[in-house]
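Undergrad: Coordinates for the following, if possible.
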Amino acid sequence: MGWREILPFVAAQVGAQRPDVSHSYHNPIVSKNPWLNKNSWFLEVMGGHWNSSNYVINFGAHYDPRKPVRDIDDVVSEHMRSNAAIGLAVDADDPIKWAGKNIVRRTQFLVPDGVAALLDGAGCPAMPRLLKVDIDSFDVVVVRAVLAVRKPAFVYVEINEKFPPPVCYCNDRYLKRWRRLDGDAYGCSLLGYVEALRPFGYALVSVALNDALFARGDVQAEVARRLPGRKLPTPLAAWKLGYGEVHNIHERFPWNYKNWPFYTETVPMAIRLDAMEAYPTVRKGVAAGQATFTRNASTGSWPCAPTPNTPHTGLNTWNEHVRTAHGAAQKIKGKRMESKRYLGALGQILAKDLGENAPPDPRNAKARLPMLNKL
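TA: Numbers count the residues shown, from 1 in each chain. Alright, predicted model coming up:
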């Protein structure tokens, strides 16, 4: 079934009151449940009342209307093109000329301390429908700044999908000199978001590839009734369903193949935890004071506190394969090269041990992406 057939089907299932999302996100379907997919979750969120206004906050609203429909990856910005949409769109380098007449546009760098004034100046109501954040940096700090002054019914965030539960990796501090220190040193892992939003009364609804949806306390029961098993998922179950166990995930995310030692279940958990802890990308962010990493985060903790009695780990206690890869990485310098060398060495060692149980390298996967987008 193609996207032209999918959208009318979804709309028929969930009712007639819908925003203008005629060109919504067309990523391949992962589940038949509309709450679990990038091309239908927004219809569910905007289709009901959910004890909120229709106001949408879009932080990281970059959008290129010249792109083909199949390449559109921000259904929230697509919605904001309509003159019927109301909300606030903010982006650091997009003038947002594509937005509808009722969208407040701000081209600026987001500063957590300035979020309250920004929302007040845009006329944002106390209970908007949705907060979407995708700024590829200290996103979670911005989310928490919004939730301190507004109570959206739903929160939709890009996660750092490479770090599954029980690991927590999170850029949890705002620094004026925050930098992307390496290719994967951005954002916050799923478990980091779960714990960051828990004090505000929000719970995880679903993971859709590299994004996660959360719901406010008063709407959680109704949302849960619409999910598989009629209940909200655990973080690990949501991550597996929405990313880790998605068929052909490395063809869909070929750039993430290099990280397979972090989450492939044929690799023992102890080695996976060592592999993530020794990852140069992680260590750079932590050393710079802008990120936190915890290999086994406890419930009800922020930011990413370890479970009680978690043993101290380090070079002398890591698995021998991890130590070997770490040593190989130290012999090469330069932005990103150290991390690439580490993952390459570790992947080769583990693949040799695992044999046919190692995930296949998706050769020419990028060339197949257009085909996958048409599924």
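
Undergrad: list the contacts for the spatially closest residue to Ile271 that is not a sequence neighbour?
TA: Nearest residue to Ile271, sequence neighbours excluded (C-beta to C-beta, 6 or more residues apart in numbering): Asn319, at 4.8 Å. C-beta: built from backbone N, CA, C; applies to glycine. By C-beta atoms under 8 Å, 6 or more residues apart in numbering, Asn319 lies in contact with Ala270, Ile271, Asp274, Ala275.

Undergrad: which two of the residues you listed lie the greatest distance from each other?
TA: Greatest spacing in these, by C-beta to C-beta: Ala270 and Ala275 (9.7 Å).

Undergrad: what about those two, which has more around it?
TA: Ala275 (27 against 13; other C-beta atoms under 10 Å).

Undergrad: Find the helix or strand that the more buried one is a member of.
TA: Assigned by DSSP states H and E, Ala275 belongs to helix 269-278.

Undergrad: And for that helix, what's in contact with it?
TA: 163, 167, 169, 261-264, 267, 282, 293, 295-296, 313, 315, 318-319, 321-323, 325-326, 342, 346, 350.

Undergrad: Following element in sequence after it, please.
TA: Following helix 269-278 in sequence, per DSSP H and E, is helix 280-287.

Undergrad: tell me how far that next one is from the chain's mean position?
TA: 19 Å (C-alpha atoms, centre = their mean, to the nearest Å).

Undergrad: tell me the angle of that helix relative to helix 269-278?
TA: 60 degrees (axes from the mean of the first three to the mean of the last three C-alpha atoms, to 10 degrees).

Undergrad: okay, the contacts of Asn319 in CSV with distance to Ser82 and pLDDT next?
TA: What follows is these, written out as CSV (distance: C-beta to C-beta, whole Å; pLDDT from 0 to 100):
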residue, distance to Ser82, pLDDT
Ala270, 51, 94
Ile271, 49, 96
Asp274, 49, 95
Ala275, 45, 96
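
Undergrad: what sits against the spatially most central residue of the chain?
TA: For the chain, Ile159 is the residue whose C-alpha lies nearest the centre (C-alpha atoms, centre = their mean; 2.0 Å). Contacts for Ile159 (C-beta under 8 Å, 6+ apart) come out as Gly187, Cys188, Ser189, Leu190, Tyr193, Val207, Asn210, Asp211, Ala212.

Undergrad: Might you list the low-confidence residue ranges for the chain?
TA: In the predicted model, the chain carries pLDDT under 70 at residues 1-30, 67-73, 309-312, 334-335, 363-375.

Undergrad: can you count the residues close to Asp353?
TA: Going by other C-beta under 10 Å, the residues that sit close to Asp353 add up to 12.

Undergrad: now, among the contacts of Asn319, which is nearest to Trp41?
TA: Ala275 (31.4 Å).

Undergrad: From Pro268, how far off is the closest residue to that closest one other than its chain neighbours?
TA: Distances taken as C-beta to C-beta, 6+ apart place Pro261 nearest to Ala275, at 4.8 Å, with adjacent residues excluded. Separation of Pro261 from Pro268 (C-beta to C-beta, to the nearest Å): 11 Å.

Undergrad: These two: who's more crowded?
TA: Pro261 (26 against 10).

Undergrad: OK, contacts around that one?
TA: Neighbouring residues of Pro261 by C-beta under 8 Å, 6+ apart: Val267, Ile271, Arg272, Ala275, Leu343, Leu346, Gly347, Leu350.

Undergrad: how about a cut-off of 6 Å?
TA: Residues in contact with Pro261 (C-beta atoms under 6 Å, 6 or more residues apart in numbering) are Val267, Ala275, Leu346, Leu350.

Undergrad: Same check on Trp239?
TA: Contacts of Trp239 by C-beta under 6 Å, 6+ apart are Pro164, Leu190, Val207.

Undergrad: How many residues are close by the residue nearest to Arg179 when sequence neighbours are not counted?
TA: Leaving aside its sequence neighbours, Arg179 sits nearest to Ala288 (C-beta to C-beta, 6+ apart; 7.4 Å). A count of nearby residues for Ala288, using other C-beta under 10 Å, gives 16.

Undergrad: Equivalent analysis for the one 3 residues further on, please.
TA: Neighbour count for Ala291, taken as other C-beta under 10 Å: 27.

Undergrad: where's the residue nearest to it when sequence neighbours are not counted relative to Gly314, distance?
TA: Spatial nearest neighbour of Ala291, excluding adjacent residues (C-beta to C-beta, 6+ apart): Gly285 at 3.3 Å. Here Gly285 is placed at a distance of 17 Å from Gly314 (C-beta to C-beta).

Undergrad: neighbour count winner among those two?
TA: Gly285 (25 against 9).

Undergrad: if we can go back for a sec, restricted to helices, list the contacts of Trp239.
TA: By the criterion of DSSP state H, membership of these in helices covers Leu190.

Undergrad: and the contacts of Trp239 as a markdown table, adding neighbour count and distance to Gly48?
TA: Below are these laid out as a markdown table (neighbours: other C-beta atoms under 10 Å; distance: C-beta to C-beta, whole Å):
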| residue | neighbour count | distance to Gly48 |
| --- | --- | --- |
| Pro164 | 22 | 30 |
| Leu190 | 27 | 25 |
| Val207 | 26 | 21 |
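
Undergrad: on that earlier part again, could I get the phi/psi values of the residue nearest to Ile271?
TA: Backbone torsions of Asn319, given as degrees, to the nearest 10, read phi -60, psi 150.

Undergrad: Please report the distance of it from Val141.
TA: 33 Å.

Undergrad: Would you mark the buried spots in the biggest helix by length in the chain?
TA: Determined from DSSP H, the single longest helix within the chain is helix 337-354. Across helix 337-354, burial judged by 16 or more other C-beta atoms under 10 Å covers Glu338, Ser339, Lys340, Arg341, Tyr342, Leu343, Ala345, Leu346, Gly347, Ile349, Leu350, Ala351.
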